[in-house]
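# let me see the structure of the following:
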Amino acid sequence: MFVVFLLVLVGLNIWMTQRVLDAGPTLDHKGLLVAAIWLVPLMGVLMVRSHLRNRAPLIDSEMPPPPPAEPAPATVAPAGHSALALDTCLRDANGWPVFDWGVVGDWLAGFSDEAQRERARVECQRAWLMHLRDALGPYATLHETDDAFVLSTLDPGMAKATSDFVARSSHRIAKVLGPLAAPRTGHKSILVVFDDEADYYPYTAAYDASEGESAFSGGMFIDAGCPHFVTCRADLSRIEPVIVHELTHAALSHLKLPLWLDEGIAVNTEHRLTGMQRSEHTPQQMHRLHQGFWGEAEIQQFWSGESFRRPDDGNKLSYDLARIIVEQLGKDWAAFSDFVVRAERSDAGAEAARYTMDIDLGALVCALLERAPSDAWSPRMASGQPRPATAFDHQMTST
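Below you'll find the model as predicted:
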């Protein structure tokens, strides 16, 4: 009997290993999955099988497209109000349809009733997303709930799970941030999931006014007329930290924070709510990398926000330094909350830190890096203002 059981177990392991190897390039961490199959008898097979079933596969080119969707509208016409002709606000940006939300805002200003105005705003968002859906191709669908829009090529079950996660995350973020978070006013969160970087980067470039080479971005919150966040397609477990990170930006966007502070809060909230803090380096190695990278010029890039856009190690080190600073300052939550509310982009929050916590930000960084204090490390913003906060890049923790 034992021999039969052993043969069945080996057969299951071989079968599941072959499934992992045949899964193609869209499946991450194949080596770890195969190791789990053989190192954890039976349970490993069950865990990997569940992972494969829940994974969002890339579209099969031979798969028939979904049934025809409702056509994208040419107008938005709420009852009892003049219609908005979408050709007056629809623009082309790198091949993608975007709205001129200034035109939309002028039209919405004509509503005297706040509730009607909000319903009309959602109708405009829905109309824009339907045009964007058509541009994404025949497999794209727009999934809508009371709390969120999810535009993607995800299968219906995955799209629903993603929208449910968006709703739960929004409420959890509001609890974590407390009064720092913008109050929810009935607006729907909007998530656009692109299939690959070939679509993602041209779209985000339409909202990114910066020049030159951009750092790797796994997700972005875009606060330009219609706040929404975008990411590349992945299975839900990889999308989760991106969603939490970008929703945190959305919750804080009304404060117009310095970039380092905004990112530091977002990374810490992401880690707290998703538990994902994977890194290719140990904390000791990261500390040595920080010590070797930051100098007087580099730290001024950090305060201005420029270092977050570097295509080298300065990118990930900027996010990590922001995380560390916020983690330290946040230990006194009452004082930290006061600091966040008062922080100004124009001086990277320097005056607010001195006023609320009697801390010099430059001296704090010097202490963290175990170097002698220097006035040259304090924010000096006269020669370089932070870039406009229309988009916030996110270095994914899983890459």
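
# just give me how far stretch 265-274 sits from the chain centre.
When distances are taken as Cα atoms, centre = their mean, to the nearest Å, stretch 265-274 is centred 11 Å away from the chain's centroid.

# who's in contact with that stretch?
By Cβ atoms under 8 Å, 6 or more residues apart in numbering, the residues outside stretch 265-274 that reach it are 169, 172-173, 176-177, 180, 240-241, 244-246, 248-249, 252, 257, 276-277, 319-320, 322-323, 326-327, 330, 340, 392, 394, 397. Placement of C-beta: from N, CA and C, glycine included.

# ChimeraX command to pick out the buried ones of these?
What follows is the ChimeraX syntax selecting those of the contacts of stretch 265-274 that are buried according to 16 or more other Cβ atoms under 10 Å:
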select :169,173,176,177,180,240,241,244,245,246,248,249,252,257,319,320,322,323,326,330,340,392,394,397
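
# ok, Ala206 to Phe99 distance?
Using Cβ to Cβ, to the nearest Å, Ala206 is found at 12 Å from Phe99.

# where exactly do the strands run in the chain?
Taking DSSP state E as the test, the strands found in the chain are 75-76, 84-85, 90-93, 96-99, 141-144, 148-152, 189-194, 219-222, 228-232, 391-394.

# what residues of the third one count as buried?
To tie it back to what came earlier, the one meant is strand 90-93. Judged by neighbour count using 16+ other Cβ under 10 Å, the buried positions of strand 90-93 are Leu90.

# what helices or strands is it leaning on?
In terms of contacts (3 or more Cβ pairs under 8 Å, 6 or more residues apart in numbering; DSSP states H and E), strand 90-93 is packed against strand 96-99.

# what sits up against the strand it packs on?
Strand 96-99 is touched from outside by 86, 89-92, 124, 128, 131-132, 135, 202-203, 206, 225-226, with contacts defined as Cβ under 8 Å, 6+ apart.

# re the thing from before, more neighbours, Ala206 and Phe99?
For Ala206 and Phe99, the more surrounded residue by other Cβ atoms under 10 Å is Phe99, and the numbers stand at 23 against 17.

# so how far is Gly330 from that one?
The value you get for Phe99 to Gly330, if Cβ to Cβ is used, is 37 Å.

# with Glu270 instead?
Taking Cβ to Cβ, one finds Glu270 at 14 Å from Gly330.

# got any residues that touch both of these two?
When Cβ under 8 Å, 6+ apart defines a contact, no residue borders Glu270 and Gly330 alike.

# the residue nearest to Thr145 when sequence neighbours are not counted - how many residues pack around it?
Leaving aside its sequence neighbours, Thr145 sits nearest to Ser163 (Cβ to Cβ, 6 or more residues apart in numbering; 4.9 Å). The local packing count at Ser163 equals 23, with neighbours defined by other Cβ under 10 Å.

# just to check, Ser163 is in contact with Val150?
Yes. Between Ser163 and Val150 a contact is recorded at 4.6 Å, counting by Cβ atoms under 8 Å.

# so what sits against both of those two?
With contacts defined as Cβ under 8 Å, 6+ apart, the residues shared by Ser163 and Val150 are His143, Glu144, Leu191.

# which strand residues bridge the first one?
In this structure, His143 has beta-bridge partners Val150, where bridges are defined by DSSP bridges.

# cool, Ala85 as well?
Applying DSSP bridges, one finds that Ala85 bridges with Thr75.

# number of residues surrounding it?
By the other Cβ under 10 Å criterion, the neighbourhood of Ala85 contains 14 residues.

# rewinding a little: relative to Ala69, which of the strands of the chain is closest?
Put simply, out of these the one that sits nearest Ala69 is strand 141-144, at 6.8 Å, with distance taken as Cβ to Cβ.

# name the helices or strands packed onto that closest one?
The criterion is 3+ Cβ pairs under 8 Å, 6+ apart, and the helices and strands that strand 141-144 contacts are helix 114-136, strand 148-152, helix 156-177.

# between these, which one is nearest to Leu39?
Set against Leu39 and scored by Cβ to Cβ, the helices and strands packed on strand 141-144 come closest in helix 156-177, at 28.8 Å.

# mind listing what's buried along that closest one?
Neighbour-count burial for helix 156-177 flags 158-159, 161-163, 165-167, 169-170, 173-174, 176-177 (criterion: 16+ other Cβ under 10 Å).

# check stretch 264-279 too.
Burial within stretch 264-279, assessed by neighbour count using 16+ other Cβ under 10 Å, is assigned to Gly264, Ile265, Ala266, Val267, Asn268, Thr269, Glu270, His271, Leu273, Thr274.

# which of those sits closest to Val104?
Within the buried residues of stretch 264-279, the smallest distance to Val104 is 27.4 Å, found for Ala266 (Cβ to Cβ).

# how about that closest one, nearest residue that isn't a chain neighbour?
Distances taken as Cβ to Cβ, 6+ apart place Thr248 nearest to Ala266, at 4.2 Å, with adjacent residues excluded.

# list the contacts for the one you found?
Contacts for Thr248 (Cβ under 8 Å, 6+ apart) come out as Ile173, Leu177, Ile265, Ala266, Thr269, Glu270.

# cutoff 10 Å now
Contacts here follow Cβ atoms under 10 Å, 6 or more residues apart in numbering; on that basis Thr248 touches 169-170, 173, 176-177, 180-181, 221, 262-263, 265-270, 273, 392, 394.

# show me which helix or strand of this protein is least confident by mean pLDDT.
Sorted by mean pLDDT, DSSP states H and E, the helices and strands of the chain end with strand 391-394, the least confident at a mean of 36.

# run a quick neighbour tally on Leu261.
The tally of other residues near Leu261 (other Cβ under 10 Å) stands at 25.

# do Asp87 as well
As a burial measure, Asp87 scores 8 neighbours (other Cβ under 10 Å).

# chain neighbours aside, what residue packs nearest to it?
Taking Cβ to Cβ, 6+ apart, and ignoring the residues beside it in sequence, Asp87 has Ala74 as its nearest neighbour in space, at 7.1 Å.

# any idea how many residues pack against the one you found?
13.

# what values do phi and psi take at it?
When quoted as degrees, to the nearest 10, the phi and psi of Ala74 stand at phi -100, psi -20.
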